[in-house]
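Novice: what's the 3D shape of this:
(2 chains)
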Amino acid sequence: MALRWPFKQYDRREPGVWISGAAHAAVLGAALFAVAAPPLPNAQEGVPVEVLTEQEFSQMTRGQRDAEKPENTPNRAERIAEKIEEREPENAKTDAPAAPTRTADMKVAAADAMPLRSDTADPVKEEAEAAAAKAAAAKAEAAKAEAAKAEAAKAADAKAKAEARAKADAAAKAEAAKAAAKAEAEKREELQKLIEREQAEAEAAAKAEAKAKAEAKAKADAKAKAEAKAKADAEAKAEAEAKAREVEHQKQLADAKAKADAAAKAEADAKAKAEAAAKARAKAMADAKAKADAEAKARQQAALAEKFNAGDIRQTLASHAASQSTGSTGREVQRTASLGAASGNAQKLSPSLRDALVGMLQQQIERCYSAPPGATQGVVLPMLDIRLNPDGSLTTEPRVMRSGQNSVDQSIAQAALRAVRRCAPYKIPAQYAPYYNDWKAINAEFEFSPV
Amino acid sequence: MTPADAMQAAPVVDMSLFGLFWQAHFVVKIVMVGLLGASIWCWSIIVDKTLLFRRTEAEMDAFEEAFWSGRSLEELYRSFNDRQPTGLGALFVAAMREWKRSFEGSGRQIHSLSQRIDKVLDVTIQREVERLDSRLLFLASIGSAGPYIGLFGTVWGIMTAFTSIAASKNTSLAVVAPGIAEALFATAIGLFAAIPAVLAYNKLQATVAKSQSRLEGFADEFSAILSRQIDERLSVAA
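Specialist: Alright, predicted model coming up:
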């Protein structure tokens, strides 16, 4: 082995050092630039899983009898507050603001749109209310007129102009009744027309909505149009109602002059009826419009909700509203952890006692058990979960904890469940009473004769 | 420990070749650099020797052609003597020089000339083979020791890796893996140097053996020719 210093002057007959060095440099360079290992994926910590048996689970959930008794007042405070302040959510002055952005869900969007809908519905409602108030005023006037009329009639009677006047009254009454009937008919026709028009327009609005659904661009326009139409309708209706009311008013005045009690009464009734009908219609219309509006709004909201809206979140974060939570302070400090059930750590059944009890139960259940067809082919015994009261009755419905997969095993399990239900309450000897906490939940495999 | 903590604990690992080298421990770095140098030196030997053997082969072929062309030995000697021949030429020149010396001067030392020529041929063969054989042993050394040197670097690297694992109190693969990968990189370089060295050593050694047998064959042949000449001259003298 001759380890000479290789980098003497270049020898044409021995170019190995230079060739080798150049080749290594080339390979290293290629490896550096071409062979880059992919970055490691993020590490995921494993979660240890422990498998419990049924016995272990029931032991764990049984509770502890000698545990410290939890306080009756569930006060979860860690320290005493300097200033007692109960800020329960239900007593808050203002509602908690909704979460800024939800998923694109119709329900959620509708919930968001609720205040908007009430806002848009308000003018319609106000109109309806105004109409009602007017009607009430008209009624009051009619009543006054009637009272005046009655007094006038009395005075006239006293003057003994009764007969002549009665005749005139009758004629006037007939005329007034006719006029009233006519007015009523006109009003009804008008209302009918209005309603028809409104219905047609509502349909048109619905069509526009459908179109808007298909055409995302035209949606906003169509909605605006529908709203404008609906508003115009409502206004037109209100005007028509006002006219009708004027007609009625004049007619009432005429009636009052004519002193036609019966006619006036009938008319008032009819008017009230008509008003009620009109009101109902107006309400229905307003509702329909509000519904259409809400739907459009909901659709818009759903479209908006799909986009992430950072501005909303920022506003929510920036709001300085007082917290609704009472925090970790309270009137007094709770030092006791709430442990287990109040009656825990029961005496346990010995295995032989347990077997005897299960045997007794099985004997009692078997009397009510009727084997399903093909039960001889059953493979897996059903394990039942039976909850008992101290007197032997069932606390809750029995459940199947484990049964076979095939239909025969499952039908056996169901038959066993039926038998358990039918045979309750069970006779449990008094010697088992101290162990109630152990046998109040019994998980056992029951074997019944298959025939 | 939550995954986020694990992420925090796991060092950010550069898995490129340069990153693996740069993050390694000082000792491991020395091992890697040494192995890289050994690899460069191995390949330079391989290139040099391959060229040398090819040249030697060509010279041998040329000499044999000239030798068996029917030219006289004197003429051949004159043409080869002045240009530092190698291989078969060196054998021929050495034997002829001994022959000439024996006939020069006053006395003719012809009796043991054949033995002397054999000795001279043997020595020349040895010298030639040594020239061919030189530095091949380095290939053998690297071929056998390279993996061990790399393994030393790996063991050292894994030791430091485990130390850092113990320090980070986390056994997730993200913490364990980079150190081990980095350590194994040393073994990779050792194998990278050793595998070509072993292969080339075997190949070149076989070529040397072939050349040696060719030299010996020629030496026997030439020695036979010369001894026949000597015997002829002895019988003439007698």
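
Novice: Leaving out sequence neighbours, find the closest residue to the residue nearest in space to the middle of chain B.
Specialist: For chain B, the residue nearest the mean C-alpha position is B:Leu136 (1.9 Å; CA atoms, centre = their mean). Nearest residue to B:Leu136, sequence neighbours excluded (CB to CB, 6 or more residues apart in numbering or on different chains): B:Leu204, at 5.5 Å. All C-beta spots, glycine's among them, are computed from the backbone N, C-alpha and C.

Novice: Report the contact partners of the residue nearest to the centre of chain B.
Specialist: B:Ile45, B:Lys49, B:Tyr201, B:Leu204, B:Gln205, B:Val208 (CB atoms under 8 Å, 6 or more residues apart in numbering or on different chains).

Novice: Make a ChimeraX selection of whichever of the residues you listed turn out to be buried.
Specialist: A single ChimeraX command selects the buried members of the contacts of B:Leu136 (16 or more other CB atoms under 10 Å in any protein chain shown):
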select /B:45,49,201,204,208
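
Novice: I figured B:Ile142 was touching B:Ala197, is that so?
Specialist: Yes. Between B:Ile142 and B:Ala197 there is a contact under CB atoms under 8 Å: 4.2 Å.

Novice: From B:Trp22, how far off is the residue nearest to the centre of chain B?
Specialist: 35 Å (CB to CB, to the nearest Å).

Novice: likewise B:Ala237?
Specialist: In terms of CB to CB, B:Ala237 sits 81 Å off from B:Trp22.

Novice: Just want to know which of the two has more residues nearby.
Specialist: B:Trp22 (11 against 8; other CB atoms under 10 Å in any protein chain shown).

Novice: and the host helix or strand of the more buried one with chain A, contact?
Specialist: Here B:Trp22, judged by DSSP states H and E, is contained in helix B:17-23. Yes. Using CB under 8 Å from any CB of the partner chain, helix B:17-23 reaches chain A at B:Leu17, B:Phe18.

Novice: returning to what we had before: surely the residue nearest to B:Leu136 meets B:Phe53?
Specialist: Yes. Taking contacts as CB under 8 Å, B:Leu204 lies within contact range of B:Phe53: 7.1 Å.

Novice: Tell me how far the helix or strand encompassing B:Val120 lies from the chain's centre.
Specialist: Element membership for B:Val120 (DSSP H and E) is helix B:113-133. Remark: helix B:113-133 is offset 21 Å from the chain centroid, using CA atoms, centre = their mean, to the nearest Å.

Novice: Can you name the next helix or strand after that helix?
Specialist: helix B:136-168.

Novice: For chain B, which residues score under the pLDDT cut-off?
Specialist: B:1-15, B:105-109, B:238 (pLDDT under 70).

Novice: where along it do the strands fall?
Specialist: Per DSSP state E, chain B carries no strands over any range.

Novice: again, but for chain A
Specialist: Applying DSSP E to chain A gives strands spanning A:79-80, A:329-330, A:383-387, A:399-402, A:441-445.

Novice: tell me the most buried of those?
Specialist: Ranked by mean neighbour count, those are led by strand A:383-387 with a mean of 20 (mean count of other CB atoms under 10 Å in any protein chain shown).

Novice: Could you export it as PDB, CA atoms only?
Specialist: Output of strand A:383-387 as PDB, limited to C-alpha atoms (Å, rounded to 0.1, in the frame of the first residue of the first chain):
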ATOM      1  CA  MET A 383     -76.700 -12.000  27.800                       C
ATOM      2  CA  LEU A 384     -79.500  -9.900  29.300                       C
ATOM      3  CA  ASP A 385     -79.200  -6.700  31.300                       C
ATOM      4  CA  ILE A 386     -81.900  -6.800  33.900                       C
ATOM      5  CA  ARG A 387     -82.400  -3.900  36.300                       C
END
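
Novice: Give me the helices and strands touching that strand, please.
Specialist: strand A:399-402, helix A:407-423, strand A:441-445 (3 or more CB pairs under 8 Å, 6 or more residues apart in numbering or on different chains; DSSP states H and E).

Novice: any idea of the mean pLDDT for that strand?
Specialist: Mean per-residue pLDDT for strand A:383-387: 88.

Novice: Given it, what are its sheet partners and their directions?
Specialist: Looking at strand A:383-387 with DSSP bridges, its partner strands are strand A:399-402 (antiparallel), strand A:441-445 (antiparallel).

Novice: CSV please, covering those and showing mean pLDDT.
Specialist: What follows is the strands paired with strand A:383-387, written out as CSV (pLDDT from 0 to 100):
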stretch, mean pLDDT
strand A:399-402, 87
strand A:441-445, 85
